[in-house]
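# What shape does this take:
(one chain, ligands or ions: 2)
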Amino acid sequence: MKIACIGAGYVGGPTMAMVALKCPDIEVVVVDINEERINAWNSDKLPIYEPGLFEVVKEARGRNLFFSTDTKKHIGEADIVFVSVNTPTKSTGIGAGKAADLTYWEGAARLIASVSTSSKIVVEKSTVPVKTAEAIGKVLQRNCATPGVEFEILSNPEFLAEGTAIEDLRHPDRVLIGGADTVSGRKAIETLASVYAHWIPRERILTANLWSAELAKLTANAFLAQRISSINAISALCEATGADVQQVAHAIGTDSRIGPKFLNASVGFGGSCFQKDILNLSYVCESVGLKEVAEYWYQVVSMNDYQKQRFVERIISAMFNTVSKKKIAIYGFAFKKDTGDTRETPAIDVCKGLIRDGAKCSIYDPEVTPEQIFRDLSAPKFEWDRPNYSRSASHMLENVQVAPDATAAAEGAHAICILTEWDAFKAYDYQALYDKMHKPAFIFDGRNILDHAKLRETGFIVYALGKPLDPFLQKNYS
Ligand SMILES: NC(=O)c1ccc[n+]([C@@H]2O[C@H](COP(=O)([O-])OP(=O)(O)OC[C@H]3O[C@@H](n4cnc5c(N)ncnc54)[C@H](O)[C@@H]3O)[C@@H](O)[C@H]2O)c1
Ligand SMILES: O=c1ccn([C@@H]2O[C@H](COP(=O)(O)OP(=O)(O)O[C@H]3O[C@H](CO)[C@@H](O)[C@H](O)[C@H]3O)[C@@H](O)[C@H]2O)c(=O)[nH]1
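Ligands and ions are numbered 1, 2, ... in the order given. Next up is the predicted model:
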């Protein structure tokens, strides 16, 4: 059996590497239009940072795992074609700022149709609006010139989270396969299930109809993001009342009906999926006339925007209502720890908010390059999810400096903001950092990862998200 995957990104790369690792009898080729990315997959410096990924790629690459730009050849030869291309939020036209832009998906479908001389299973790996399979089916059937070629479309959404992708792929909670309830549909589902069954217990391979599978992906992300917005909403109330959001989260999380995961209050959720997929879900609701349902889910994104804005306002009000010309050290730019991914990271909105008020941001992140930071802070919204974005020019910005390490970022700063929960940030010598800073020296912990009592002993004025306010902040500036 031969598998091709269109799209060598955060999903296509790791997912296909795991398939190849676990299925030595299957040839797996990942293709992409981005030559630089393919070259990186073929090198020792992979295009994405993901713990454990390199070991998996190294074992399978050259054996039965290949990365190539020869899209036509490999798609033409494949029995199963996964499509894992970008499905960004539309930035212009009807549904701008909400609807999914299926340009790249449709382009992939047209490519498959044009090179297919044999029947294929086409697998939706990208996250797509419900009913996409129907549209893609029409594009495939109407554009294939070879008589007798049939396409069976399956929805097989990916649930991996970045930073834990390899573990998630190795031991997924479930694999979901949606397909048509026909003889050929059921046969295609079984073919794909037999691939996953190489390493995943059968009871974890769920099957569903196409629309349920497509909708389950959007719903899963909406529910996960909703938990974060819910606890973040409570974090604001905690600050106003003297409650502690971590104690509240622990108390509710021990209720087995609620559960303890995804209850960490934060400066806001980021990543390429949550916002995009909720906007997409809401837009689908709007499109079918479910205005109230759409508004309900939009509120999850609004609450996230409020949380980022609230954080910026806290910083400015704490620092005597002005950050003009003040250096602020930003620790962490990635949207979460253990990834170099910055797509929709809350750091973008926080830095932009501070810069708008005249602050000078000195940013340090162990995995994000200066070019990426400059590009993110100057790009228009939603541009980051286009195939060419990683190759677009980055521009130096007047009030942004990218520091080589945490000490350089803190040197002469008035404040440190923790925006990503990197483990390394917990181990710093904060006394030494304090000594290098202007006084009063502030710490704004947007992830609640530091030892706040110890920092206060050192002399810092500490703002910890959703925690009782430091008397200094309470008295004058709350
Ligand atoms: N990142 C995640 O954690 C995650 C998890 C689950 C699902 N998803 C979904 O998976 C899809 C891909 O996400 P990603 O994070 O891997 O994106 P990505 O930007 O990292 O990768 C997409 C790749 O597709 C390539 N591409 C686009 N059009 C192409 C074409 N016509 N031919 C060949 N290559 C093409 C791009 O060059 C890019 O390298 C999206 O729909 C996303 O919502 C992402
Ligand atoms: O309690 C929490 C948990 C997460 N986050 C933040 O939420 C965002 C998303 O985190 P996470 O879900 O762990 O990472 P993603 O890689 O975005 O993964 C999500 O999005 C993927 C893309 O669709 C899905 O496949 C995954 O199942 C889903 O978890 C990050 O900014 C986190 O810091 C919090 O603020 N508090």
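
# buried ones in stretch 35-43?
The neighbour-count check on stretch 35-43 (16 or more other CB atoms under 10 Å) flags 37-38, 40-41 as buried. The C-beta positions use only the backbone N, C-alpha and C, and glycine is treated the same way.

# Not counting its own residues, what contacts that stretch?
8-9, 13, 30-32, 46-47, 57, 61, 67-69, 390-391 (CB atoms under 8 Å, 6 or more residues apart in numbering).

# Of those, which pair is most distant in space?
For those, with distances taken as CB to CB, the pair at the greatest spread is Arg61 and Arg391 (23.3 Å).

# So which bits of the stretch 251-400 of the chain are right by ligand 1?
Contact residues (CB under 6 Å from any ligand atom) of the stretch 251-400 of the chain with ligand 1: 272-273, 387.

# Nearest to ligand 2 among those residues?
Nearest to ligand 2 among these: Cys273, at 3.1 Å, using CB to the nearest ligand atom.

# Give the helix, strand or coil label for whatever residue of the stretch 301-450 of the chain ends up closest to ligand 1.
Per CB to the nearest ligand atom, Pro387 is where the stretch 301-450 of the chain lies closest to ligand 1, at 3.7 Å. Here Pro387 is coil, with the state taken from DSSP: H, G, I helix; E, B strand; the rest coil.

# what's the pLDDT at it?
Note on Pro387: pLDDT of 85.

# roughly how far is the helix or strand hosting Ile121 from the heart of the chain?
Applying DSSP states H and E as the criterion places Ile121 in strand 120-124. Strand 120-124 sits 24 Å away from the centroid of its parent chain (CA atoms, centre = their mean, to the nearest Å).

# just checking, what packs against that strand?
strand 80-83, helix 103-115, helix 132-143, strand 151-155, helix 183-196 (3 or more CB pairs under 8 Å, 6 or more residues apart in numbering; DSSP states H and E).

# Name the stretch among those that sits most buried.
strand 80-83 (a mean of 26; mean count of other CB atoms under 10 Å).

# Can I get that strand as CSV, trimmed to CA atoms?
Taking C-alpha atoms only, strand 80-83 is exported to CSV below (Å, rounded to 0.1, in the frame of the first residue of the first chain):
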residue,chain,number,x,y,z
ILE,A,80,-4.7,6.7,0.1
VAL,A,81,-4.2,10.5,0.0
PHE,A,82,-4.3,12.5,3.2
VAL,A,83,-4.9,16.2,2.8
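
# picking up where we left off before, now render the buried residues of stretch 35-43 as a markdown table, adding secondary structure.
Listed next are these as a markdown table, based on three-state DSSP:
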| residue | secondary structure |
| --- | --- |
| Arg37 | helix |
| Ile38 | helix |
| Ala40 | helix |
| Trp41 | helix |
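
# filter the residues you listed by proximity to ligand 1?
Answer for the buried residues of stretch 35-43 near ligand 1 (CB under 6 Å from any ligand atom): Arg37.

# Tabulate the buried residues of stretch 35-43 (CSV), appending distance to ligand 2 and pLDDT.
Shown next, in CSV, are those (distance: CB to the nearest ligand atom, whole Å; pLDDT from 0 to 100):
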residue, distance to ligand 2, pLDDT
Arg37, 19, 96
Ile38, 23, 98
Ala40, 20, 98
Trp41, 20, 98
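
# so which of the helices and strands packed on strand 120-124 gets nearest Asp376?
Between the helices and strands packed on strand 120-124, helix 103-115 lies closest to Asp376; by CB to CB that is 20.4 Å.

# What are the contacting residues of that closest one?
Residues contacting helix 103-115 (CB under 8 Å, 6+ apart): 6-7, 71-72, 75-76, 81, 83, 85-88, 120, 122, 126, 128, 132, 135-136, 139-145, 151, 387.

# before we move on, what about stretch 305-316?
Outside stretch 305-316, the residues touching it (CB under 8 Å, 6+ apart) are 229, 232, 235-236, 266-268, 322-323, 328, 346, 349-350, 353-354, 357, 415, 417, 442, 444, 446, 463, 465, 473.

# so where's the stretch 101-250 of the chain shaky on pLDDT?
Of all residues in the stretch 101-250 of the chain, none has pLDDT under 70.

# Please list the residues of it that sit near ligand 2.
So far as CB under 6 Å from any ligand atom goes, the stretch 101-250 of the chain lies against ligand 2 at 127, 158-162, 221, 224, 228.

# Buried subset of the residues you listed, written for ChimeraX?
Of these, the buried ones go into a single ChimeraX selection, burial set by 16+ other CB under 10 Å:
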select :127,158,159,160,162,221,224,228
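
# Restricted to helices, list the residues of the stretch 101-250 of the chain next to ligand 2.
221, 224, 228 (DSSP state H).

# quick revisit: between Arg61 and Arg391, which is the more surrounded one?
Shown here are Arg61 and Arg391; by other CB atoms under 10 Å, Arg61 has more neighbours (17 against 11).
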